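J.: structure, please.
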Amino acid sequence: MRGKKAKPSSNPSKHVRRPVSTRPRRRSSGRKNPALAEAAQLRAQQAATAEILKVIRSSPIDIQPVFEAIARSAITLCEADLSGVYPFDGELIQFGPQHGRTQEEMDAARSTFPQPLSRLSVTARAIRAATVVQVADVSKDSEIADALRIFRTVLSVPMLRDGRPLGAVTVARRVVRPFTNKQIALLQTFADQAVIAIQNVRLFNETKEALERQTA
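T.: You can find the predicted model right below:
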């Protein structure tokens, strides 16, 4: 019995060999899209400021949780190795919440507070001048105290109320890498939020004292 012959395909294109493309395939460069990275950074900043405002509302009589939230957000969003909040009572700088120090560094730093205004630290300079101060390379500044030379680039933004300093928010890096204008602006936002928190606590205490006097 003879086998049946295969019928020719009704679609000749199936048997046409397509030319192989010689164009190289696009490979991912691994680089982040600048626009996407900036958008993600903006969302992170908005989330941080919203979280700090939430802490302010929930802590009308305690300033420490607000300072803690600011220090925690500052070290991350400013890409710093150290962040700290330093209240100022008009005469002395106090040691506030810190992030990024080792325990040994923390103990050594705490032992130097409270301290008067001077030029020995970037924080003191910012409070004294009531303006933003950044030292790009601490090793080139002969006035900085030796104990602070473990950090190379330092930025401090004063917390101002009607031009009067109430403290400062400071960030630092262990390598020479100046902070950008955007990071400076962000730190100024945090400093403004710290002032709001300080004023809220002050008003709360004044109202409480007034009520106590009335009922005494």
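J.: return the set of buried residues in the helix of greatest length in the chain.
T.: Identified as the longest helix of the chain according to DSSP state H is helix 181-215. Residues of helix 181-215 classed as buried by neighbour count (16 or more other C-beta atoms under 10 Å): 183-184, 186-191, 193-195, 197-198, 200-201. To be clear about C-beta, it is placed using only N, CA and C from the backbone, and glycine gets the same treatment.
J.: how far out from the middle of the chain is it?
T.: Chain-centre distance of helix 181-215: 20 Å, with C-alpha atoms, centre = their mean, to the nearest Å.
J.: could you find the closest non-adjacent residue to the residue most central in space within the chain?
T.: For the chain, the residue nearest the mean C-alpha position is residue 74 (2.1 Å; C-alpha atoms, centre = their mean). Leaving aside its sequence neighbours, residue 74 sits nearest to residue 83 (C-beta to C-beta, 6 or more residues apart in numbering; 4.0 Å).
J.: for the host helix or strand of the one you found, packing partners?
T.: Assessed by DSSP states H and E, residue 83 sits inside strand 82-87. Contacts defined by 3 or more C-beta pairs under 8 Å, 6 or more residues apart in numbering; DSSP states H and E place strand 82-87 against helix 64-77, strand 98-99, helix 122-129, strand 164-173.
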